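> how would this look folded up:
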Amino acid sequence: MNLQVIFLYFLICNYFAIVRSLNDDGNALLSFKNSIENYTDDPLNNWNSTDISPCSWHGVTCRGDRVVSLSIPNRRLVGSLPAALGNLTELRHVNLRNNKFFGSLPPNLFHARELKILVLSGNSLSGPIPPEIGNLKNLQNLDFSQNSFNGSIPLSLVQCNRLKILSLGQNSLTGRLTDDFGTSLIALQRVDLSFNRLSGSIPSTMGNLSGLKGTLNLSHNFFNGAIPASLGSLPETVYIDLSYNNLSGYIPQVGTLLNIGPTAFAGNSLLCGLPLKISCPSSHPDSQSLFHFPSQNSDSSSGKNGKGSTSCLSIVITIVVSVIVGICLIGLLVSNRCRKITACKGGEQAGGCSFEKALMQLNFDLDQLLKASAFLLGKSGTGIVYKVVLADGRALAVRRLGEDGGSQRFREFQAEVEAIGKVRHPNIATLQAYCWSIDEKLLIYDYIPNGDLATAIHGKAGTVPFRPLSWPVRLRIMKGIAKGLAYLHEFSPKRGSQTYELDQMTSGTPQSSSPFEFLPTSPTVTVGSSYQSPEVSKVTKPSQKWDIYSYGVILLEMISGKFPMIKMGSMEIDLAQWVQLSFEERKPLYHVLDPFMAHDLDEEKEIVDVVKIALACAQKSPERRPSMRYVCDNLERLVPSIN
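Numbers count the residues shown, from 1 in each chain. Sure, this is the predicted structure:
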């Protein structure tokens, strides 16, 4: 009898052991844990084989009782990736970036056919990328950058036709790009193949990637041959980087390629034509000057009025950068402040203001403009801004410029303003026309009615409650400003050396009432001083580094919701110093975060990354500030999660 009781007891125990055993997904994750060599003090400590389900384990997300996400980034885990991960057949999201995984990728990993996001960047993985990657038909984000993968990019990759982000940069990949790359992967939004050993010609089909929004980075490879003109068909928002290859021939002067600065083509000794300072043989019509303007008037501005003498005129150059995103657009103004104009030689002064040259096809004249209804939008260091509504209802933004500042010959002013008017970039508002006389100095833009960012962040006294910007919207605005600045620094480094100081407007401004303006500054002029870099009052030669400092302050303002100066008792401290102190004192992120973004704390890693970029830009020493291209590229890597 006792033997029967004991036997029954063991049967019951075994039954409950079977019922309570870990499911298949949990066993697959235990295989992953067992492949890691240093998990004694890491988040895998709560991965226990005695658990019924892995859904409570750190880094694991489930839907029902099935694992759909494995996310353990930045933990310095050392080990290899086991084939058992492929048994997670409902897995959608894997993020193991910035660890120390090594070895090759097991082909069975790609049996997890529901994968949408596979991020393994910043490890030491090696070997070829298995052709089984083509099994992942739902894949949208593939990031294998900063590893040691070699061999060619598998042809099967083009079967992943839902792919939006492809980042294979900083590996040792070789071989050619297939022509199918640009015909099958048409959903791509960002491509980074930089710092590899890829060779052959760039497929002309790359011009079919009409969905690109961020970057097409093919730099630091061994691509050869001509640049396909089809790349000019890519959206204007795309930054194309072809630097440091073996490309040759003239740079096609078409479409998007017209808007790229010289750094995108650097390191290709056999390339010629604009924007490089290397002339092509005259047989290439595309090597003409990018800034050639067909004459709209046979008469000069002075001769037009029948006057024999010319005037010695001062210069004002203004360009407004506008980020067309969300509820706020970013503006860019390039201006050389002006003095009163004195007559010279003939002693005659210039007459009334007239459009010296329309930079666009205009359906209105100056008389209509001056008779139109005008509404004050705001004031800045360069003058007063009005919203002007013509009789037909069209709204314009008109800046009436001040009269003090440096002097320059009118012909130089005219040439540069016309060049600026030719610039086409999605983050730069187009200058429509200008006029110049002793009495009137006007710059005319289209009016874009969307309110200013200062109000969107801080609100405005006496107005109804505002709708705060979410983190994704703020990030898009940050990226837009960076793209505009990076483009100007690269496209026109000479103007950049005269500096474009970012100025935060606390009242409405013209073009979309944009909150940021690029203003020429000098040690004797204080414009938006809270945003000026410390060396402005000491250094006589302006620098692009001034812009970068101002941009860093604006990033911190957008993150913290605070103004550039922080009051601490009876003292004031600048925002960058306050944020830096908070980080050094290890205060939690919410201490520096705009209270309206409290619900965005799940994006903490992304926000902290932007804070680090902002603090780098706002370094006291200009030599320690990064370039705008570096900033822009790093911001582009911050991609919102794909659900």
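> excluding sequence neighbours, find me the nearest residue to L173.
N196 (4.2 Å; Cβ to Cβ, 6 or more residues apart in numbering). No exception for glycine: its C-beta is placed from N, CA and C like everyone else's.
> could you chop the chain up by domain?
According to automatic domain parsing, the chain is divided into the following domains: 77-287, 309-636.
> least confident of those domains, on average?
When the domains of the chain are compared by mean pLDDT, domain 309-636 comes last with a mean of 64.
> what residues of stretch 178-196 count as buried?
Buried residues in stretch 178-196, counted by 16 or more other Cβ atoms under 10 Å: 178, 181-182, 184-185, 188-196.
> quick one: which of those sit in strands?
Cross-referencing those with the strands (criterion: DSSP state E) gives 190-192 as the overlap.
> looking at the residues you listed, which is nearest N634?
Of all those, the one sitting nearest N634 is D192; the distance, using Cβ to Cβ, is 12.0 Å.
> tell me where the stretch 1-150 of the chain has strands.
60-63, 66-71, 78-79, 93-95, 100-103, 117-119, 124-127, 141-143, 148-152 (DSSP state E, counting those that start in this stretch).
> reformat those as TSV; add mean neighbour count and distance to T215.
As requested, the strands of the stretch 1-150 of the chain are exported to TSV (neighbours: other Cβ atoms under 10 Å; distance: least, Cβ to Cβ, whole Å):
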stretch	mean neighbour count	distance to T215
strand 60-63	16	30
strand 66-71	20	25
strand 78-79	18	31
strand 93-95	20	21
strand 100-103	17	26
strand 117-119	22	17
strand 124-127	16	23
strand 141-143	22	14
strand 148-152	16	20
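> what would those strands look like in TSV with distance to G225?
Formatted as TSV, the entries for these read as follows, by distance: least, Cβ to Cβ, whole Å:
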stretch	distance to G225
strand 60-63	46
strand 66-71	41
strand 78-79	42
strand 93-95	37
strand 100-103	36
strand 117-119	32
strand 124-127	29
strand 141-143	27
strand 148-152	18
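> to L443, which of those lies closest?
Nearest to L443 among those is strand 141-143; the distance by Cβ to Cβ comes to 42.8 Å.
> which neighbours does that closest one have in its sheet, and in what orientation?
In its sheet, strand 141-143 lies beside strand 117-119 (parallel), strand 165-167 (parallel), with partners assigned from DSSP bridges.
> D609 is nearest to which of the ones you listed?
Closest to D609 of the strands paired with strand 141-143 is strand 117-119 (Cβ to Cβ; 14.4 Å).
> got the contact list for that closest one?
Under the contact criterion Cβ atoms under 8 Å, 6 or more residues apart in numbering, strand 117-119 has outside partners 73, 92-97, 136, 139-143, 641-642.
> and the two most separated of the residues you listed?
The largest separation in the contacts of strand 117-119, counting by Cβ to Cβ, is between P73 and L136 at 20.0 Å.
> show me which of those two is the more surrounded one.
Relative neighbour count places L136 above the other of P73 and L136, with 24 against 15, counting by other Cβ atoms under 10 Å.
> for the residue nearest to the more buried one when sequence neighbours are not counted, give me its contacts.
Ranked by Cβ to Cβ, 6+ apart and with sequence neighbours excluded, the top spatial neighbour of L136 is L115, at 5.1 Å. Neighbour list for L115: 91-94, 136, 138-139 [criterion: Cβ under 8 Å, 6+ apart].
> and V191, by the same measure?
The contact partners of V191, taken as Cβ under 8 Å, 6+ apart, are 166-167, 209, 212, 215-218.
> and it, bridged to which residues?
On the basis of DSSP bridges, V191 takes part in beta bridges with L166, L216.
> from S230, how far off is it?
V191 sits 15 Å away from S230, going by Cβ to Cβ, to the nearest Å.
> which phi and psi does the residue nearest to L173 have?
Note on N196: backbone dihedrals following degrees, to the nearest 10 are phi -130, psi -160.
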